[in-house]
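**Q** output the structure for:
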Amino acid sequence: MDEWLGKGGIGDERRCEVKTQKEILRWLRDNGQNCGAMTSSDAVALVCSVNLSNLISYPAAPPDLFTAYKTIVLSMQPHTRSLAFHAIAAELDWGHRDMIWSQCGLPDCDRPKIKCAFEPGGSRR
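**A** Numbers count the residues shown, from 1 in each chain. Purely as a prediction, here's the structure:
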């Protein structure tokens, strides 16, 4: 166990960082999204979805991971699910959002109608 802790495990400087709720909400707000209608359960699901997005950043990822992502997003209130779509880009690239959403089979009606401020075609581009 001690060997593992010093080689990429807990306490190692090379560990993989995960996004916190505070970081994700700040990123969304900075990109023009209103996060005010979220419950604490929505916020937990949002954090899980963003951090899971790293594992499904390519279409050939294990199908069970896409199913898990879909289940997490569908646990959010319908009017907050678009935040999960936008928040994918907090961790990955803008283009990953459509790929992940489609691969998961999430409904198009939950895709946001409003662009993020800094995405291509957004208000600050």
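**Q** check which residues of stretch 86-99 are buried.
**A** 86-92, 94, 96-97, 99 (16 or more other Cβ atoms under 10 Å). For every residue, glycine as well, the C-beta is placed using N, CA and C.
**Q** now go through these and say which are in helices.
**A** 86-91, 96-97, 99 (DSSP state H).
**Q** determine which two of these are furthest apart.
**A** 90 and 99 (15.7 Å; Cβ to Cβ).
**Q** just give me the closest of the ones in helices among the buried residues of stretch 86-99 to residue 67.
**A** Nearest to residue 67 among those, with distances taken as Cβ to Cβ, is residue 99, at 15.6 Å.
**Q** measure the residue lying closest to the closest one once chain neighbours are set aside to residue 108 for me?
**A** Nearest non-adjacent residue to residue 99, counting by Cβ to Cβ, 6 or more residues apart in numbering: residue 59, 6.3 Å away. Going from residue 59 to residue 108 by Cβ to Cβ, to the nearest Å gives 18 Å.
**Q** which one of those two is surrounded by more residues?
**A** residue 59 (10 against 7; other Cβ atoms under 10 Å).
**Q** isn't the more buried one up against residue 98?
**A** No. At 11.3 Å, residue 59 and residue 98 do not qualify as touching, with contact defined as Cβ atoms under 8 Å.
**Q** any buried residues in the host helix or strand of residue 71, and which?
**A** Secondary structure from DSSP states H and E places residue 71 in helix 63-74. By 16+ other Cβ under 10 Å, the buried positions in helix 63-74 come out as 66, 68-70, 72-73.
**Q** just the mean pLDDT for stretch 48-63, thanks.
**A** In this model, stretch 48-63 has a mean pLDDT of 91.
**Q** contacts made by that stretch with the rest, please.
**A** Residues from elsewhere that reach stretch 48-63, judged by Cβ atoms under 8 Å, 6 or more residues apart in numbering: 16, 18-19, 24, 65-66, 68-69, 72-73, 84, 87-88, 90-92, 96, 99-100, 103-104.
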